[in-house]
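A.B. asks: fold the following, please.
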Amino acid sequence: MTSKPIDTSRPHPARMYDYYLGGKDSCPVDKEAAERVMSFLPAVRTAARTNRSFMNRAARLLAERGVTQFLDIGTGIPTEPNLHQVVQAVNPRARVVYVDNDPIVLRHAEALLRSTPEGVTKYIEADVREPEKIIESAKEILDFEEPVALSLVALLHFVSDEYRPYELVDNLLAPLSSGSFLMLSHVTGDFDPAGWAKAVDIYRKSGVPAQVRSRDEVARFFAGLDLIDPGVQVVTDWHPEPDQEFADEQVPLYVGVARKP
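C.D. replies: Just a heads-up that it's a prediction; the model follows:
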């Protein structure tokens, strides 16, 4: 698998996210930008960690409810456990398609492709702003006559309004069968508008079309779907683990999972 050249001259959101998680795939420019963000938004590191935990909980919940197909867009740098490891631990026959257009992620794609012998794990190079390309490629691996879980985790805050994110989500959901699911997480500025305005400015100056959204704006992504209880909530209030590490912290991340009727 070939990949585009990796630009290390300016900060990159995937590498910054990896740095927030304590990973080793960031460059000095990413560390500098991430430290700047954390200097006035220390909760961003907690948000990254709780986001990964949400992905694990949501994917496991859907796998336990019988979903065997997952379409994960905006995969990011692999961080164990990856989505396919979570769902194939529940059902080894689960089929997972990862989608990203990031050369950094492409470099790590082999780590994502280690499926169980019974299941399937594939990788598609595409941008969320190309929903038709994503769907056509995913149809080669997933059966769209059966339910699919669409995962848009920590992605849509990098799709600003000029790219029509609600329409993109509608276009991705439209070809999915009844009984499919949307699992989504999204950063919010509700608890610290000034801090997040600074953070968005850092990302945009790096060429990333970042945009935080309110709870109502995040809930709008689920329009027409049946939300699983407890609906759109701060991440620490969504099916928390009994030993949840961040239970008392105000984490600036809304999450939700909903079923397509």
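
A.B. asks: in the stretch 1-150 of the chain, which spans are helices?
C.D. replies: 13-20, 28-40, 43-64, 83-90, 103-107, 109-112, 131-138 (DSSP state H, counting those that start in this stretch).

A.B. asks: which one of those helices lies nearest to T188?
C.D. replies: helix 43-64 (9.4 Å; CB to CB). (Each C-beta comes from the backbone N, C-alpha and C, glycine too.)

A.B. asks: now for that closest one, which elements pack on it?
C.D. replies: helix 13-20, helix 28-40, helix 83-90, strand 149-153, strand 181-187, strand 253-259 (3 or more CB pairs under 8 Å, 6 or more residues apart in numbering; DSSP states H and E).

A.B. asks: quick revisit: out of the helices of the stretch 1-150 of the chain, which is closest to T236?
C.D. replies: helix 43-64 (6.4 Å).

A.B. asks: so what's the residue count around the nearest residue to V96 once chain neighbours are set aside?
C.D. replies: Leaving aside its chain neighbours, V96 sits nearest to H84 (4.0 Å; criterion: CB to CB, 6 or more residues apart in numbering). Neighbourhood size, H84 [other CB atoms under 10 Å]: 25.

A.B. asks: for L184, which residues are in contact?
C.D. replies: If you count contacts by CB atoms under 8 Å, 6 or more residues apart in numbering, L184 has them with S151, L152, V153, L156, V218, F221, F222, V255, G256, V257.

A.B. asks: filter those to the buried ones?
C.D. replies: The neighbour-count test (16 or more other CB atoms under 10 Å) marks S151, L152, V153, L156, V218, F221, F222, V255, G256, V257 as buried among those.

A.B. asks: can you put these in TSV and add pLDDT and distance to P13?
C.D. replies: Converted to TSV, these look like this (pLDDT from 0 to 100; distance: CB to CB, whole Å):
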residue	pLDDT	distance to P13
S151	98	17
L152	98	15
V153	97	13
L156	97	13
V218	98	19
F221	98	19
F222	98	24
V255	98	19
G256	98	22
V257	98	24
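
A.B. asks: what's the closest of these to V96?
C.D. replies: For the buried ones among the contacts of L184, the nearest to V96 is S151 (9.2 Å; CB to CB).

A.B. asks: that closest one against G76, yeah?
C.D. replies: No. S151 lies out of contact with G76 (CB atoms under 8 Å); the separation is 11.1 Å.

A.B. asks: what pairs with the most centrally placed residue in the chain across the strands?
C.D. replies: In the chain, the residue lying closest to the centroid (CA atoms, centre = their mean) is V153, at 1.9 Å. Counting by DSSP bridges, V153 forms beta bridges with S185.

A.B. asks: ok, now how distant is V105 from V232?
C.D. replies: In this view, V105 and V232 are 27 Å apart by CB to CB, to the nearest Å.

A.B. asks: how about V255?
C.D. replies: Distance from V255 to V232, by CB to CB: 7 Å.

A.B. asks: so what's T188 up against?
C.D. replies: T188 neighbours (CB under 8 Å, 6+ apart): W196, V212, R213, S214, R215, V218, P252, L253, Y254.

A.B. asks: kindly apply the preceding question to L182 instead.
C.D. replies: L182 makes contact with A149, L150, L152, V169, L173, F221, F222, L225, G256, V257, A258, K260, according to CB under 8 Å, 6+ apart.

A.B. asks: which of the residues you listed sits closest to G119?
C.D. replies: Once CB to CB is applied, the member of the contacts of L182 that ends up nearest G119 is A149, at 14.1 Å.

A.B. asks: and the closest one, how close does it get to E132?
C.D. replies: Using CB to CB, we find A149 at a distance of 20 Å from E132.

A.B. asks: neighbour count: the two, which is higher?
C.D. replies: Per other CB under 10 Å, whichever of A149 and E132 has more neighbours is A149, with 27 against 11.
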